[in-house]
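Visitor: Build me a model:
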Amino acid sequence: MIDRRAMLVAMAAWAGAGAARSRPRGSGRSLEGLWHLGSYTDLERPKELKALVLTPAEAEKYEAPRRALNGMPPSKPGELGQPESEFNDRGEGLARVKGQIRSSGIIDPPDGRLPFKPEVIARLGLDKTPRPESFDNPEDRPGPERCLASAAAGTPILGAPDSNIMQIVQTPGAVAILTEKYHDVRIVRIGGPARPSPLPPAWMGDSIGRWEGDTLVVETIGQHPGEILRGGRILVTGQTTAVERFTRLSPGELFYEYEITDPSLYTRPWRGEMTFRAAPGRMFEYACHEGNYGLANVLAGARKEEQDAKVGR
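Guide: Reported below is the predicted structural model:
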């Protein structure tokens, strides 16, 4: 059996070679542990919720119909019933952040929505339900469908309907962030060497961190130059810059803040925050390749539909 902790420590130690060998003093600087990311709160605010901070009564009204499906809304008539057939794991309710019940991860803009440029909305059909899909090439299929781009991997770190465990392992020179879903590991170099220029693109970008008191500040650039869809609506490109802040509030709480800037996608920078809780259980392997195994049939089915449309079937 593979000792994942040992593997992560070894990877982080390699990434942080040459850094100071003494662990930063102060217990608040320890971010290590297994953290649960799940809650009923999504990145963007639902249209039926107007305010960022909800009253207990407003929260109960929103949470009640979702409890039977562990945080997911029931399927609508005509849908396949995925929430009813999956192993949903979204915690016990809406997110509690700084003692407030939150309706969205986004805190700025005030409406809790991603500030996409109008041309991006039009080009990608973000204003349409369901969103138009492309079946022309393998690269056109969504990253999550192919088990390539989970909501929790990369920046910002987001919760998902399932598999909401994240593990953080530290060495003096690096922090390793392992996500349960698709088991991606992001290495944050603490005070790392200057970035090469031009920066080679990477799936999760290049992350460099620094300590400000007991808060770890991480800047990430150099993500994949193509548009990557993560977490339902969020997009990242080679122009995306992310600044994250991790602060351990207590043995069971990790406060997480982030600011995203991408002039190719958004009209302005946008910010969000969340509190992660200590995970009650263990992390298990998330084996996922259905989208890759089925890719040939997905594209072949699209070609068959195109042929049928030409002959009027």
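Visitor: What ranges does the stretch 201-313 of the chain have for its helices?
Guide: Assigned by DSSP state H, counting those that start in this stretch, the stretch 201-313 of the chain shows helices spanning 290-293, 295-310.
Visitor: Pick out the shakiest of those, pLDDT-wise.
Guide: Among the helices of the stretch 201-313 of the chain, helix 290-293 carries the lowest mean pLDDT, a mean of 85.
Visitor: which residues are in contact with that one?
Guide: With C-beta atoms under 8 Å, 6 or more residues apart in numbering as the test, helix 290-293 has contacts from Arg141, Glu145, Arg146, Cys147, Val298. For every residue, glycine as well, the C-beta is placed using N, CA and C.
Visitor: Now tabulate these in JSON lines and tack on secondary structure and neighbour count.
Guide: Formatted as JSON lines, the contacts of helix 290-293 follow (DSSP: H, G, I helix; E, B strand; the rest coil; neighbours: other C-beta atoms under 10 Å):
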{"residue": "Arg141", "secondary structure": "coil", "neighbour count": "21"}
{"residue": "Glu145", "secondary structure": "coil", "neighbour count": "16"}
{"residue": "Arg146", "secondary structure": "coil", "neighbour count": "20"}
{"residue": "Cys147", "secondary structure": "coil", "neighbour count": "18"}
{"residue": "Val298", "secondary structure": "helix", "neighbour count": "14"}
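Visitor: Between all of the residues you listed, which two are separated the most?
Guide: Spatially, the most separated pair among the contacts of helix 290-293 is Cys147 and Val298, at 13.6 Å (C-beta to C-beta).
Visitor: Show me the shaky parts of this structure.
Guide: 1-28, 231-232, 313 (pLDDT under 70).
Visitor: Walking through the stretch 101-250 of the chain, point out its strands one by one.
Guide: Secondary structure of the stretch 101-250 of the chain (DSSP state E, counting those that start in this stretch): strands located at 106-108, 165-171, 174-179, 185-190, 206-212, 215-221, 228-230, 234-236, 241-250.
Visitor: List just the one of these that sits closest to Asn88.
Guide: strand 165-171 (14.2 Å).
Visitor: What pairs with that closest one, parallel or antiparallel?
Guide: Strand 165-171 has the following strand partners under DSSP bridges: strand 33-36 (antiparallel), strand 174-179 (antiparallel).
Visitor: what sits up against the shortest one?
Guide: When you say that, I think you mean strand 33-36. With C-beta under 8 Å, 6+ apart as the test, strand 33-36 has contacts from 91, 164-168, 254, 276-280, 282-283.
Visitor: rerun that using 7 Å as the cut-off
Guide: Residues outside strand 33-36 that contact it (C-beta atoms under 7 Å, 6 or more residues apart in numbering) are Gly91, Asn164, Ile165, Met166, Gln167, Ile168, Leu254, Phe276, Arg277, Ala278, Ala279, Met283.
Visitor: Over to stretch 137-150?
Guide: 134, 160, 179, 181-182, 184, 228-230, 288-289, 291-292, 295, 298.
Visitor: hang on, the earlier thing: select, out of the strands paired with strand 165-171, the one closest to Pro193.
Guide: strand 174-179 (12.1 Å).
Visitor: dump the residue contacts of Trp203.
Guide: Residues counted as contacts of Trp203 (C-beta under 7 Å, 6+ apart) are His224.
Visitor: neighbours around Ser264, how many?
Guide: Ser264 has 12 neighbouring residues, counting by other C-beta atoms under 10 Å.
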